[in-house]
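[1] here is my input; please provide its structure:
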Amino acid sequence: MQVAAQHHLPDDVGSAGPCGDSGNYEGIDCVVISAAPSVVTFGEVMLRLASPDGTRLAGATRLDATFGGGEANVAASLAGFGIPARFVSRVPANDLGDGAIRFLRGLGVDTSGITVEPGRLGVYYLEPGAAQRASRVVYDRADSCIAKAGASAYDWAPLLNGARWFHTTGITPALSAAAAEATLAAVKTARAAGATVSVDLNYRAKLWNWGAATADVMAGIVAEADVLIGNEEDADKVFGISAPGSSVVDGRVDPAGYAAVAAQLASRFPRLRTIAFTQRGSISASENTWSGVIWTPGAFHVARSYRIAPIVDRVGAGDAFAAGLIYAMLDGRSPDKALEFAVAASCLKHTLRGDVNQVSVAEADALAGGSGSGRVER
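    Next up, the predicted model:
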């Protein structure tokens with residue numbers, strides 16, 4: 001089987017990334033990494049191997065290779081928005097670990113928080129769906145470097161130094177008891193350090209198999225958060241809180257029902273000041289509607305809805321939404337404006353291959369402002 005790599009960086013890439021002093025690499029504008037990150041994210045970066053469109057994984061003769069992972073995607077998107085972002089993780093001391101670091105550096109991410117050690121890199125295989133055939137993901141993440149590291153493996157004080165925001169997801173604690181312990185320690189330390197803490201529920205049924213109840217583990221983590229993010233079914237899958245009038249199985253989402261979901265979550269987790277959900281209406285694997293809602297004390301907003309057809313790649317759309325929301329909140333935008341920016345940015349992610357949302361603030365603002373015809377820009 002031939003594996004076609006999509007990303008190549010020169011061998012002499014240093015810790016500051018490939019851009020050097022010019023801020024440009026092969027015509028691509030790069031983000032200058034700050035010594036003090038505004039945002040720190042924590043999670044696993046993986047090798048992503050995808051079969052070509054229209055090809056089953058079982059019958060593929062080639063796979064397209066790149067890197068991705070929930071919290072890494074958020075850091076990369078934020079770096080693209082001009083926000084200094086540090087990613088904390090662990091990768092193996094081999095070519096795959098080196099490739100993952102180079103990939104993130106090339107996108108402007110501060111990788112000084114990544115520990116390199118003996119072990120293995122997690123892998124996920126993607127079979128892109130089309131029409132009525134759903135996309136499928138196969139994980140190979142057991143015993144990866146990050147899954148084996150507990151709370152004592154991280155020195156959070158220097159990793160968080162200067163950070164205004166800390167972000168993680170429910171994917172990392174799903175990997176293992178050790179990773180769950182590390183995630184809980186991370187959010188507690190970040191909160192004590194005065195950073196805003198955001199958690200994306202990001203429920204992954206295929207990963208929660210190490211013995212603990214998902215709700216119990218996530219309750220301890222969400223209790224430390226200021227901002228909670230999820231998709232249209234995460235609150236139901238994790239905490240058993242469903243939205244009236246919606247049926248994810250039927251592809252039907254009623255945004256109004258999520259006000260009740262947010263109210264129940266806010267009552268259970270009183271630290272929460274912002275709760276946001278993406279809203280995906282699924283017509284087929286190739287055509288979706290896309291919107292979002294946001295709750296703050298005393299207010300609830302529903303974003304503009306987009307029809308996305310055809311979808312190029314929906315993987316990472318939730319991470320693009322999280323990054324958009326974090327950027328807009330750090331930018332001082334009101335909750336409704338922050339939501340519109342996050343939905344627009346993540347809508348555009350559906351048009352790009354790979355995990356990472358490589359769109360600019362200007363592009364997301366233009367779409368949020370009503371420019372969505374897709375006409376050629378000359």
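[2] would you list the phi and psi of the residue nearest the centre of the chain?
    Taking C-alpha atoms, centre = their mean as the criterion, residue 319 is the residue nearest the geometric centre of the chain, at 2.7 Å. Main-chain dihedrals, residue 319, degrees, to the nearest 10: phi -70, psi -40.
[3] can you check residue 52 too?
    When read as degrees, to the nearest 10, the backbone of residue 52 gives phi -60, psi 160.
[4] can you give me the pLDDT of it?
    On pLDDT, residue 52 comes in at 95.
[5] again, but for residue 163
    pLDDT for residue 163: 96.
[6] need the three-state assignment for the residue nearest to it when sequence neighbours are not counted.
    Excluding the flanking residues, the one nearest residue 163 by C-beta to C-beta, 6 or more residues apart in numbering is residue 40, at 4.6 Å. (Glycine included, C-beta is placed from N, CA and C.) Of the three states, residue 40 takes strand under DSSP: H, G, I helix; E, B strand; the rest coil.
[7] which ones are touching residue 40?
    Residue 40 is in contact with 85-88, 113, 159-160, 163, 165-167, 190, 195, counting by C-beta atoms under 8 Å, 6 or more residues apart in numbering.
[8] closest to residue 302 among the residues you listed?
    residue 167 (23.7 Å; C-beta to C-beta).
[9] same for the helix or strand where the closest one lies, what does it pack against?
    Following DSSP states H and E, one finds residue 167 within strand 165-169. Using 3 or more C-beta pairs under 8 Å, 6 or more residues apart in numbering; DSSP states H and E, the elements in contact with strand 165-169 are strand 39-42, helix 70-80, helix 177-192, strand 196-200, helix 317-330.
[10] and the helices in the stretch 1-150 of the chain, which stretches?
    Along the stretch 1-150 of the chain, counting by DSSP state H, counting those that start in this stretch, helices occupy 70-80, 95-106.
[11] all helices for the stretch 201-350 of the chain, in order.
    Under the criterion DSSP H, counting those that start in this stretch, the stretch 201-350 of the chain contains helices at 214-222, 234-239, 258-268, 317-330, 335-349.
[12] hang on, the earlier thing: which one is the residue nearest to the centre of the chain nearest to, not counting chain neighbours?
    residue 73 (3.7 Å).
[13] any idea how far the one you found lies from residue 249?
    Going from residue 73 to residue 249 by C-beta to C-beta, to the nearest Å gives 26 Å.
[14] and stretch 45-52, which residues are buried?
    The neighbour-count check on stretch 45-52 (16 or more other C-beta atoms under 10 Å) flags 45, 46, 47, 48, 49, 50, 51 as buried.
[15] got it, and stretch 231-248?
    231-239, 241-243, 246, 248.
[16] just give me the neighbour total for residue 176.
    Counted by other C-beta atoms under 10 Å, the residues lying close to residue 176 total 24.
[17] same check on residue 187?
    Residues within reach of residue 187, counting by other C-beta under 10 Å, total 24.
[18] list the contacts for it?
    Contacts of residue 187 were listed using C-beta under 8 Å, 6+ apart, and they are 166, 168, 197, 199, 221, 224, 225.
[19] try it again at 10 Å.
    Residue 187 makes contacts with 42, 156, 166-168, 195, 197-199, 220-225, as judged by C-beta atoms under 10 Å, 6 or more residues apart in numbering.
[20] what's the most distant pair in those residues?
    Using C-beta to C-beta, the contacts of residue 187 span at most 18.7 Å, a distance reached by 156 and 222.
[21] could you measure from residue 220 over to residue 295?
    Distance, residue 220 to residue 295, by C-beta to C-beta: 22 Å.
[22] and the two? which has more neighbours close in?
    Ranked by neighbour count (other C-beta under 10 Å), residue 220 and residue 295 place residue 295 first, with 24 against 14.
[23] who does that one form a beta bridge with?
    With DSSP bridges as the criterion, residue 295 is bridged to residue 275, residue 300.
[24] what confidence value was assigned to the spatially closest residue to residue 338 that is not a sequence neighbour?
    Leaving aside its sequence neighbours, residue 338 sits nearest to residue 328 (C-beta to C-beta, 6+ apart; 3.5 Å). With respect to pLDDT, residue 328 scores 98.
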